[in-house]
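Novice: this one's sequence-less:
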């Protein structure tokens, strides 16, 4: 048992050093190396808000805290942690669809970063107590997740261009009618969005809610319901770009753009002035209810 | 002995106490039928008793496992003839482990009938043999000839058995939680909607499934063998690196050995085996594999899986002589011919696995399997870029790599046997396995695949 314990701690220490030195977004966030003007939060569709294009078009520094399947509670924790550490951020862009497709199993993957954030520690403890407890006993277990793998993958390279880049097969393009999704506008998930928007406002940070493009012909029901409920709860306008791209060559699948699509989308955002923060920041995108 | 039986019944009853009666009835009936067979030398009487035992065992199995399947298949056949039958199936729960303990019990009465083993005098020992908890729900199917004599031995705690058993348990646990359960999400996604994925993605999914099912089942067998070893019992091996087989007959002597040898001894050989010419041998191969497929589950996809393996065995018998001639004429180096054989057997096995995995999907099993196989063979988007969830793949490759390193080196180093006598090695292996489980284990309570059979 002594050997098991000692090895666990030794390897745990080594992996911790690897994670903390990584160029991965959350390593940078908690290391104090993630200063930016624009911060993007969301799930895999949030990854489509392509940072290299934003930086090229606006000359502003941008960082993304998006992750595949990001649930609202985790997004809320990460955003608040970010704002606390980098209060100079001007704009937070939030891809709203994360409330519709949260992967609740993602949260335990963030045990690798739990030691850096009391909020994260508390969230994991409350929702995944066994994982939290086990990771206290075994430090190696803290690195048994995909988030850690990505931290290692991005050890010495930037993750700014992390997004899926492939073209859709003819077969998938033709069969788009077979697929679709229905938004539920779940109040619990929206509450996390409200927490984020309130937190941003309280620190005079502009927050913009956006729905990124879906594949043309991919049926998404209740988008309007999601928009209206979100606007009502948060008082923030939702920018709906769900149908703005009509070329199938711009997509990786029905839910995600490829890099070509990402670039086109960011250009549209820039053209619309979406990426330009208002001088009066936090108040300007509010709906005057 | 009494404690072992009590613990086994509690273990089984924990799942559903009502089915304890089934296992007890089966046990008592076979015990007395075995005694009756042993008491008489009258061949007619002996035959009557063994037939009674077969009817009871296969009757239970048939009712609980196949009743709805045959009813539904019969109804579908009538519909095929344009009739509209009003046949309704029953809501029957499949008792866990019934396929395993039924075969185990049958092995006893058959062996007594054949006079291969003596009649067991103690009901307590016989009941323990049937219900011994490490192997009750998912095997290995331990023969009466192997296990009953061990019931007469005095079981005392032994550190060598403990260390050996712990080694097997840890290794089995690693195979289950770090390999099988880690591969499961990727595999499940492929079968959930094959249409969505590229050819390469699905190919990786099938390879992953081959390791998932191997590690899931052989992991359980390792744990069962290890637990039994700690209790002082020696169970036979159930797997011997089957994916390194160079022929299908070799594959079946290395995969689920307790079932394949059961089918060989109690079905294939009584049918005539390979003693009555080629056609008879082909027929016997096919019947054995079809029933072997049906044993796994009440779905035509399992039967088709058995059919494919039957076909492979027949083709192997046809192709082997010319293949050997080619090797001889071309003077092909042994390692090349061996590699070709291994890759061929593994690839064809994987094609059969596609249908096997689809067997649990109910009515859509064949359409899903055909679509998946069709997508793979189309080679559409056979590129790394067309693959999703690359991090799951990387993890899968790492854990499969660890498995292969251990399995390839095991014939030389005999890790588990060696660690019993070398404490330093034992500490290193046990600690290493615990670290690997902590680092790669998936602890989302996936049950063992073979529990459903």
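Specialist: Nice, thanks for sending it over. All values reported here derive from a predicted model rather than from experimental measurement.
Novice: residues of the helix or strand where residue B:319 lies that come out buried?
Specialist: Secondary structure assigned from DSSP states H and E places residue B:319 in helix B:300-330. Neighbour counts using 16 or more other C-beta atoms under 10 Å in any protein chain shown place B:300-314, B:316-317, B:323, B:327 of helix B:300-330 among the buried residues. C-beta coordinates here come from the backbone N, C-alpha and C atoms, glycine included.
Novice: Next: stretch B:363-373.
Specialist: So stretch B:363-373, judged by 16+ other C-beta under 10 Å, has buried residues B:365-366, B:368-369, B:371-373.
Novice: likewise stretch B:207-215?
Specialist: In stretch B:207-215, counting by 16+ other C-beta under 10 Å, buried: B:207-215.
Novice: Which single one of these is nearest to residue B:241?
Specialist: Each of those was checked against residue B:241 using C-beta to C-beta; the closest is residue B:214, at 9.4 Å.
Novice: after the least confident helix or strand in chain A by mean pLDDT comes which helix or strand?
Specialist: Across the helices and strands of chain A, mean pLDDT, DSSP states H and E gives its lowest value to helix A:170-174, namely a mean of 84. Going down the chain from helix A:170-174, the next helix or strand is strand A:180-182, by DSSP H and E.
Novice: Just the terminal-to-terminal distance for stretch A:194-213.
Specialist: 23 Å (C-alpha to C-alpha, to the nearest Å).
Novice: wait, what's in contact with the residue in the stretch 351-453 of chain B positioned nearest to chain A?
Specialist: Nearest residue of the stretch 351-453 of chain B to chain A (C-beta to the nearest C-beta) works out as residue B:438 at 4.2 Å. By C-beta atoms under 8 Å, 6 or more residues apart in numbering or on different chains, the residues touching residue B:438 are A:8, A:138, A:140-141, A:144.
Novice: picking that back up, export the buried residues of stretch B:363-373 as a markdown table, with columns for pLDDT.
Specialist: Converted to a markdown table, the buried residues of stretch B:363-373 look like this (pLDDT from 0 to 100):
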| residue | pLDDT |
| --- | --- |
| B:365 | 80 |
| B:366 | 84 |
| B:368 | 89 |
| B:369 | 90 |
| B:371 | 90 |
| B:372 | 91 |
| B:373 | 92 |
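Novice: Counting only strands, which of those residues make the cut?
Specialist: Among these, the subset assigned to strands under DSSP state E is empty.
Novice: can you give me phi and psi for residue B:176?
Specialist: phi -70, psi -60 (degrees, to the nearest 10).
Novice: now do residue A:91
Specialist: For residue A:91, the backbone dihedrals (degrees, to the nearest 10) come out as phi -130, psi 140.
Novice: again, but for residue A:94
Specialist: phi -120, psi 120.
Novice: Check residue A:208 too.
Specialist: Phi and psi for residue A:208, reported as degrees, to the nearest 10, are phi -120, psi 130.
Novice: how close does it sit to chain B?
Specialist: If you measure residue A:208 against chain B using C-beta to the nearest C-beta, to the nearest Å, the figure is 29 Å.
Novice: Report the beta-bridge partners for that residue.
Specialist: residue A:93 (DSSP bridges).
Novice: Would you agree residue B:165 falls within a helix?
Specialist: Yes: checked against DSSP: H, G, I helix; E, B strand; the rest coil, residue B:165 lies within a helix.
Novice: what sits against it?
Specialist: If you count contacts by C-beta under 8 Å, 6+ apart, residue B:165 has them with B:225-230.
Novice: so which of these comes closest to residue B:351?
Specialist: Nearest to residue B:351, judged by C-beta to C-beta, of these is residue B:225 at 30.0 Å.
Novice: ok, now how distant is the residue of the stretch 51-200 of chain A found nearest chain B from residue A:134?
Specialist: Nearest to chain B, among the residues of the stretch 51-200 of chain A, is residue A:140, at 4.2 Å (C-beta to the nearest C-beta). Residue A:140 is 10 Å from residue A:134, where distance means C-beta to C-beta, to the nearest Å.
Novice: Give the residue from these two that has the larger number of neighbours.
Specialist: It is residue A:140, of residue A:140 and residue A:134, that has more neighbours when counted by other C-beta atoms under 10 Å in any protein chain shown, with 24 against 18.
Novice: isn't that one right up against residue B:439?
Specialist: Yes: assessed by C-beta atoms under 8 Å, residue A:140 is found in contact with residue B:439 at 5.1 Å.
Novice: And the closest residue to residue A:253 other than its chain neighbours, its phi and psi?
Specialist: Of all residues not flanking residue A:253 in the chain, residue A:168 sits nearest, at 6.3 Å (C-beta to C-beta, 6 or more residues apart in numbering or on different chains). With angles defined as degrees, to the nearest 10, residue A:168 sits at phi -90, psi 150.
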